[in-house]
Every structure is written in C-alpha cells, then in structure tokens.
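Undergrad: predicted model, plus sequence, below.
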Amino acid sequence: MLDILAITGPIYLCIALGYAAVRWRVFSPADMRVMGKFVIQFALPALLFNALASRPLAELWQPAYLLAFGAGSVVWLLVSLWLARRVQGRGVVESAYMTMGMTCGNSTFIGYPVVLLAIGPLAGVALAMNLLVENLIKLPLLMTMADVGASGKAHASWKQALRDTLQRLVRNPMIVAIVLGFVVALLGWPIPSVIARTVNLFGAASGGLALFIIGGTLVGLQVRGLRRQVAQIAIGKLLVHPAAVLAAVLLLPLIGLPALTGELRAAVVLSAAMPMLGIYPLLAQRHGFEGFTAAALLAATVTSFFSLSAILWLMRHSAGWLA
C-alpha cells in the first residue's frame, strides 16, 4: 500500500496545499484564476509540445489507445444522456452538464501528474490522446447540446452553437500545441537547444502548479442539498467511466481491432478514473447550473483519492498492468 500512496500522496498533498493557501488567504481565488490561465495558456501547451515533438511519430500515434478511450467514453456518454434525459426526466441543458461531469475528466491538472508517477514519460503521449478525444468529441458535443437546449431553437442553434464551439477549439492553445508537436515529429525537425530548454522550463511548471490551483478552487464549494445528484455524477465519473473504458480495452481485440498493451493500457483506464475537469462549474455557469456542478467537483476530487488508490492497488496486483 505504501507504493500506492507514493503515487497518490504527492498529488493530494499539492491539492491540500492549494486549498490551505486560499483558505488561509495566502492567495485569493482571483490569484488561482490567474495561475490557471498561465497553466492553460503556456505551461501545459509547452509540456504537450515537448512530449510529442521529442518522440518518433510511430510512438506518438496510438490508434488502439484512441479507440479504447474514445469508444468507452462515447458509449458511457450516450448512456449518461439517456439516463438523465429519459429515465430521470431532466432538461436538455441539465442532462448535458450532468453527462459532462460523468464523462469529461481532468486529464491535465490531475490526470497527467497521476499517470506520470504511475507509468513515466509515456504519460505525455497519453495526455495528448486524451485531449484529442475530449476536445474534438466529448466537449464540443455536450457544449453544443447545452447551447441548443438553452436557446430552444434546434435547427438554427445547432449550426451556430457548433460553429462557436469549433472556433473556440481552433484557438485552444493545447490543441495548437498537439498539432505542432505532431508536425515536428512527422517531419523530424530538430528543435534548437534554446527553444527546447525554454519549452522544458515552462512544461516543468505545469504539474505541481496545476494541482495547487485545483486545491485553491475547491475553497468555498458546498455539497449540501445536492447529495443524490452529486453522488450520481461522482460515481459515474470515478467508477463507471473507467469500467466502460476497461470494457473497451478488453472487447476491442475480440472484434479484430488493435489491442492496447503495456503501460498505455494502465494509462487509459487511469485517465478515465480522474475526477471531472477543473473548469466544470465555470462552463455550467453560462446556463445557471454552477450549483450542482461545483458540488460534484468538490465531492469527486476528494473521493478520487480513495478510488484512484484502489484502482492503482488492483493494477499493481493484476498481471500485465503495472510493474
């Protein structure tokens, strides 16, 4: 168990330090937003570019990973929408944000540090694959659905909402960094040492700072009065999502598709087991659903210490997962 705590312990200590720093007013919530902007705009794009540009293309392109993560995530996304919309009778916008909480993980701020400690340098490749699925499939679909549901004008709104989402996607610095990293790897361009060292400096700042920011953003969030909805979202994200991706990992080879093996097999399940993305309440705030989304973020982030530790323990004691 100590080897598991060696992986999860530093992650949640960094989160706890961020929480304490804001709770005791060393930093303000506004400071967390500024730091978060730095991580998203500079540090994480530098990390992604460096992880991709410094590797051969054959190592970067992982179709089995994309299939497993994409198929498991999309199937659970559709089931989540059906449960919220048809079984529970929730509105279109609320269903979209509940589904976002159950399927869109924090691959950057929490996922990357955990996977890095678990499997090493290949975590950068896993992060890039995760961001492609999340930013090209899951988030555009759910954000477009929320915008259309809020407007009530389906035909015209779908086009406008999708156009707005795609425009945001093109300007996303992490997506730009992934594309540039793939281009450099494809063409085999050597990176000048001055640029490489600059990128490394920015990339090295991402891990601990990202976790510190997550802790700071949890200050003041409340769960009271929303327990049933919050529990549904947390269980869906921390347990059902990784189970769906694990099922995809096991089933895809049985139908003749590429098998995912080695450390990336552990990485894809761990990535699905992360709590929801840190900007979840900010996205939902546009349509007035910041209440249950903020509560779900708090509950899932705290509970993930135990769920991730359990998953890592199972992997350590199952042949072929983690050494």
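TA: Structure's in. What do you need?
Undergrad: how about low-confidence regions in this protein?
TA: 1-4, 151-162, 165, 169, 207, 223-225, 282, 323 (pLDDT under 70).
Undergrad: the closest residue to residue 15 other than its chain neighbours: what secondary structure?
TA: Counting by CB to CB, 6 or more residues apart in numbering, residue 15 lies nearest to residue 215, which is 3.9 Å off, once chain neighbours are set aside. C-betas here are computed from N, CA, C, even on glycine. Here residue 215 is recorded as helix under DSSP: H, G, I helix; E, B strand; the rest coil.
Undergrad: now residue 215: how far from residue 74?
TA: 31 Å (CB to CB, to the nearest Å).
Undergrad: name the next helix or strand downstream of the host helix or strand of residue 124, please.
TA: Counting by DSSP states H and E, the element that carries residue 124 is helix 123-133. Once the chain leaves helix 123-133, the next helix or strand it forms, by DSSP H and E, is helix 139-151.
Undergrad: and the one helix or strand residue 82 maps to, what's buried?
TA: According to DSSP H and E, residue 82 maps onto helix 63-82. The neighbour-count check on helix 63-82 (16 or more other CB atoms under 10 Å) flags 64-74, 76-77, 79-81 as buried.
Undergrad: could you do stretch 307-321 as well?
TA: Buried, per 16+ other CB under 10 Å, within stretch 307-321: 307, 308, 309, 311, 312, 315, 316, 321.
Undergrad: list of residues touching that stretch?
TA: Stretch 307-321 is contacted by residues 1, 3-5, 7-8, 114, 118, 238-239, 242, 261, 265-266, 269-270, 273-274, 322 when judged by CB atoms under 8 Å, 6 or more residues apart in numbering.
Undergrad: the helix holding residue 124: how far from the chain's middle?
TA: 9 Å (CA atoms, centre = their mean, to the nearest Å).
Undergrad: ok, back up a step: contacting residues around the helix holding residue 82?
TA: Contacts of helix 63-82 (CB under 8 Å, 6+ apart): 95-96, 98-99, 102-103, 125-126, 129-130, 132-133, 137-138, 141-142, 236, 240-241, 244-249, 252, 257-260, 264, 267-268, 271-272.
Undergrad: now stretch 277-288
TA: Against stretch 277-288 from outside (CB under 8 Å, 6+ apart): 36, 93, 97, 100-101, 104-110, 134, 143, 146, 150, 213-214, 217, 290, 293-294, 296-297.
Undergrad: the closest residue to residue 205 other than its chain neighbours - how many residues pack around it?
TA: The spatial neighbour of residue 205 that comes closest, neighbours along the chain excluded (CB to CB, 6+ apart), is residue 43 at 4.7 Å. As a burial measure, residue 43 scores 21 neighbours (other CB atoms under 10 Å).
Undergrad: was I right about residue 43 contacting residue 212?
TA: No: if you go by CB atoms under 8 Å, residue 43 and residue 212 don't touch, sitting 11.9 Å apart.
Undergrad: how about the residue nearest to residue 205, what does it touch?
TA: 202, 203, 205, 206, 209, 210.
Undergrad: any idea how far it is from residue 166?
TA: From residue 43 to residue 166 the distance is 25 Å (CB to CB).
Undergrad: for the stretch 101-250 of the chain, which segments count as helices?
TA: 112-119, 123-133, 139-151, 154-170, 173-187, 193-204, 206-217, 227-235, 241-251 (DSSP state H, counting those that start in this stretch).
Undergrad: mind checking how far the third one is from the chain centre?
TA: Going back to what we said before, that points to helix 139-151. 19 Å.
Undergrad: quick check: buried residues in that helix?
TA: In helix 139-151, counting by 16+ other CB under 10 Å, buried: 139, 140, 141, 142, 143, 144, 145, 146, 147, 148, 149, 150.
Undergrad: same question, the last one
TA: By 16+ other CB under 10 Å, the buried positions in helix 241-251 come out as 241, 242, 244, 245, 246, 248, 249.
Undergrad: name the helices or strands packed onto that helix?
TA: helix 63-82, helix 263-272 (3 or more CB pairs under 8 Å, 6 or more residues apart in numbering; DSSP states H and E).
Undergrad: tabulate those (JSON lines), appending distance to residue 28.
TA: Shown next, in JSON lines, are the helices and strands packed on helix 241-251 (distance: least, CB to CB, whole Å):
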{"stretch": "helix 63-82", "distance to residue 28": "35"}
{"stretch": "helix 263-272", "distance to residue 28": "31"}
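Undergrad: which one of these lies nearest to residue 24?
TA: Relative to residue 24, the nearest member of the helices and strands packed on helix 241-251 by CB to CB is helix 263-272, separated by 31.8 Å.
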